[in-house]
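**Q** what's the 3D shape of this:
(4 chains)
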Protein chains: 2
Amino acid sequence: MLKRAYEGQVCSIARSLEVVGDRWTLLVVRDLVLGHSRFDELLDSLGIASNVLADRLSRLVDEAIVERVPYSERPERFEYRLTQKGRELGLVLLALMQWGDRHISKKPPRIARRRSDRSRVSVVLVAADGSPVEPGDLELVRGPGAAGR
Amino acid sequence: MLKRAYEGQVCSIARSLEVVGDRWTLLVVRDLVLGHSRFDELLDSLGIASNVLADRLSRLVDEAIVERVPYSERPERFEYRLTQKGRELGLVLLALMQWGDRHISKKPPRIARRRSDRSRVSVVLVAADGSPVEPGDLELVRGPGAAGR
DNA sequence: CTTGTTACTTGCTTGACGCAAGTGACTCTA
DNA sequence: TAGAGTCACTTGCGTCAAGCAAGTAACAAG
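**A** Numbers count the residues shown, from 1 in each chain, chains lettered A, B, ... in the order given. The predicted structure follows:
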């Protein structure tokens, strides 16, 4: 996914997919969310080719989604941590997980819950006042970043 | 993305990405959400290669995310419509859009709002009682579909 | 009967991915 | 002090999916 064909598109979905829309990137982010942080750990957990992992990580670092921080000086060793921007991708992952739980996996392999009261957590659409929004009551309108026409 | 390397993974995120995690699929779904429904319309709007679009659509139909419905008999012509399963991917797209709006596009090209009162709509995490959940107050635990260990 | 539209398919080329092996800087064990 | 191990990669090679351009089949309009 080096060359992207989305050039002409003025759309935050397309823009986001340019960054995280390839085969491995979101899974790397998922593993970082789950606490894996070292290169070899990611390699084992994902079953990804090492050159591909190296490439994805350096791209995530370029995009400021991940930071490469040293945890040892002699020998030099690094780990990878999500930045705030990266952590906010968690919502996308949870939305994807929720969809997969409902439509693909019959029983959810993992459950998201609130630590304080252990209640189930879900991803939903809300209006400015916090009230839930029905999908049918949603509309998409041109915003300030829209192209001409 | 025919062959997937996620085989061993018991994770709804990985499972979902097997289905919609390639370069074009989510953009096709986005266009269907926005109301494009005919093959040529999608071709123009996306700038995708026709063989790839044909492949993605037939796979989306196989996955019951999209339906292929005839709108003319002589000549035979078809359009593509999202199923309920497909429509529910809208939440993933909105989460992605929201992330892109915040971190990539400075000004949002498109704004999601509630039709009834025109208030801004956003994707958030809520607990079972509908109250918002802080990202730090979230935990992931093994669910009924988890593998042994 | 030629041109156009729609919904594709076929063939060829490019390029991303996976695999296996190698590297460099160090530490640890005997 | 020699050899083995760890970590974080890089290099080289083969394969398979993606992209591009052109072709096709079934009809409709002029």
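**Q** when you work out contacts or count neighbours from here on, use the C-alpha atoms and nothing else.
**A** Fine.
**Q** for DNA strand C, what are the nearby residues on chain A?
**A** Taking Cα under 7 Å from any atom of the strand as the measure of proximity, chain A contacts DNA strand C at A:1-3, A:22-24, A:47-52, A:74-76.
**Q** and the residues you listed, which two are the farthest apart?
**A** Greatest spatial distance among these (Cα to Cα): A:Lys3 and A:Arg74, at 37.8 Å.
**Q** I'd like to know how far the residue nearest in space to the middle of chain A sits from B:Glu67.
**A** Geometric centre of chain A, nearest residue: A:Leu89, 3.6 Å, by Cα atoms, centre = their mean. Using Cα to Cα, to the nearest Å, A:Leu89 is found at 30 Å from B:Glu67.
**Q** also A:His36?
**A** Using Cα to Cα, A:His36 is found at 39 Å from B:Glu67.
**Q** where along chain A do the strands fall?
**A** For chain A, applying DSSP state E gives strands covering A:66-72, A:77-82, A:110-114, A:121-127, A:138-142.
**Q** from the contact counts, what lies against the fourth one?
**A** Using 3 or more Cα pairs under 8 Å, 6 or more residues apart in numbering or on different chains; DSSP states H and E as the contact test, the elements touching strand A:121-127 are helix A:90-103, strand A:110-114, strand B:121-127.
**Q** any weak-confidence spans in chain A?
**A** Applying pLDDT under 70 to chain A flags the ranges A:1-8, A:148-149.
**Q** if we go to 90?
**A** Applying pLDDT under 90 to chain A flags residues A:1-11, A:18, A:21-23, A:47, A:71-77, A:105-107, A:145-149.
**Q** for it, which residues are neighbours of DNA strand D?
**A** Counting by Cα under 7 Å from any atom of the strand, chain A sits next to DNA strand D at A:4-5, A:38-41, A:50-51, A:54-55, A:76-79.
**Q** buried subset of these?
**A** Neighbour counting by 16 or more other Cα atoms under 10 Å in any protein chain shown classes A:Ala5, A:Arg38, A:Phe39, A:Phe78, A:Glu79 among the residues of chain A next to DNA strand D as buried.
**Q** closest one of those to chain B?
**A** When those are compared for distance to chain B (Cα to the nearest Cα), A:Ala5 wins out at 7.3 Å.
**Q** and the gap between the residue of chain A found nearest DNA strand C and A:Leu46?
**A** Ranked by Cα to the nearest atom of the strand, the top residue of chain A for proximity to DNA strand C is A:Pro75, at 3.9 Å. According to Cα to Cα, A:Pro75 stands 25 Å off from A:Leu46.
**Q** also A:Ser12?
**A** 28 Å.
**Q** of these two, which one has the most company?
**A** More crowded of A:Ser12 and A:Leu46, by other Cα atoms under 10 Å in any protein chain shown: A:Ser12, with 27 against 18.
**Q** surely the more buried one touches B:Ile104?
**A** Yes: because the distance of 7.5 Å satisfies Cα atoms under 8 Å, A:Ser12 is recorded as touching B:Ile104.
**Q** could you identify the most distant pair in the residues of chain A next to DNA strand D?
**A** Pairwise distances across the residues of chain A next to DNA strand D (Cα to Cα) peak at 38.3 Å, for the pair A:Ala5 and A:Glu76.
**Q** could you report the neighbour count for A:Leu94?
**A** Residues within reach of A:Leu94, counting by other Cα under 10 Å, total 22.
**Q** wait, it touches A:Val124, no?
**A** No: using Cα under 8 Å, A:Leu94 is not in contact with A:Val124, being 10.5 Å away.
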